[in-house]
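Peer 1: One predicted model, sequence on top.
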Amino acid sequence: MKAVKSFAITLVIILAIGGIFLFARNSIKKDVETTVAATEESNSTKKSTANPIKKAIVSEAIDTYAEQKGGAVKEVVDSMSEEDKDAVTEIIAENVTLDSMSEVQSYVSSGDSAGLMKYAQENLSEEEQKELLEIMSKYVTP
């Protein structure tokens, strides 16, 4: 009799654990899927390595340059997505040193496109130049 009672209690406990598992499985699965998706998204998002102060200065310089040039340049800058603006700002901020900041700012202030292009060719990697060209090709038609 005691053996039957112990067996029945054990069976009820196992069924309860199984029921809880089956009930919670979908909830646990959703939590795991959400966590995996969030992790993948954060891993695929490019981490910013540029100094935030330099990024702010570069962003302001881009806006100033667009205002000074006006016309098509301003339209292109205004039509860019925030993601593309951030990518351009990041590339420039990573490659502008405190020593060269005044040089770049003088190009921007004077509207010297040739000086900016020369600076970019000398200081940006081929990959960064390619990325900038890809971004600009979205907004400028030849």
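Peer 2: Sure thing, it's come through. Numbering: from 1, shown residues only.

Peer 1: domain assignment for the chain?
Peer 2: The record's domain parsing of the chain by automatic domain parsing lists 1-45, 52-139.

Peer 1: Any chance of JSON lines for the ones you listed, columns mean neighbour count?
Peer 2: All C-beta atoms are positioned from the backbone trio N, CA, C, and that covers glycine. As requested, the domains of the chain are exported to JSON lines (neighbours: other Cβ atoms under 10 Å):
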{"stretch": "domain 1-45", "mean neighbour count": "9"}
{"stretch": "domain 52-139", "mean neighbour count": "15"}
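
Peer 1: ranking those by mean pLDDT, which is last?
Peer 2: With a mean of 64, domain 1-45 has the lowest mean pLDDT of the domains of the chain.

Peer 1: Spatially, and excluding backbone neighbours, which residue is closest to Lys74.
Peer 2: Leaving aside its sequence neighbours, Lys74 sits nearest to Ala66 (Cβ to Cβ, 6 or more residues apart in numbering; 4.6 Å).

Peer 1: Now do the phi/psi pair for the one you found.
Peer 2: The phi and psi values for Ala66, taken as degrees, to the nearest 10, are phi -60, psi -40.

Peer 1: can you pull the contacts of it?
Peer 2: For Ala66, the contact set (Cβ atoms under 8 Å, 6 or more residues apart in numbering) comprises 73-74, 76-78.

Peer 1: now do 6 Å
Peer 2: Applying Cβ atoms under 6 Å, 6 or more residues apart in numbering, we find Ala66 in contact with 73-74, 77.

Peer 1: And those residues, which is closest to Asn95?
Peer 2: Val77 (19.0 Å; Cβ to Cβ).

Peer 1: show me what contacts the closest one?
Peer 2: If you count contacts by Cβ under 6 Å, 6+ apart, Val77 has them with Ala66.

Peer 1: let's have the chain start at 16 instead
Peer 2: Fine by me, first position is 16 from now on; the one you just mentioned is Val92.

Peer 1: Could you look up the SS state of it?
Peer 2: Counting by DSSP: H, G, I helix; E, B strand; the rest coil, the backbone at Val92 sits in helix.

Peer 1: so how far is Lys133 from it?
Peer 2: Going from Val92 to Lys133 by Cβ to Cβ, to the nearest Å gives 21 Å.
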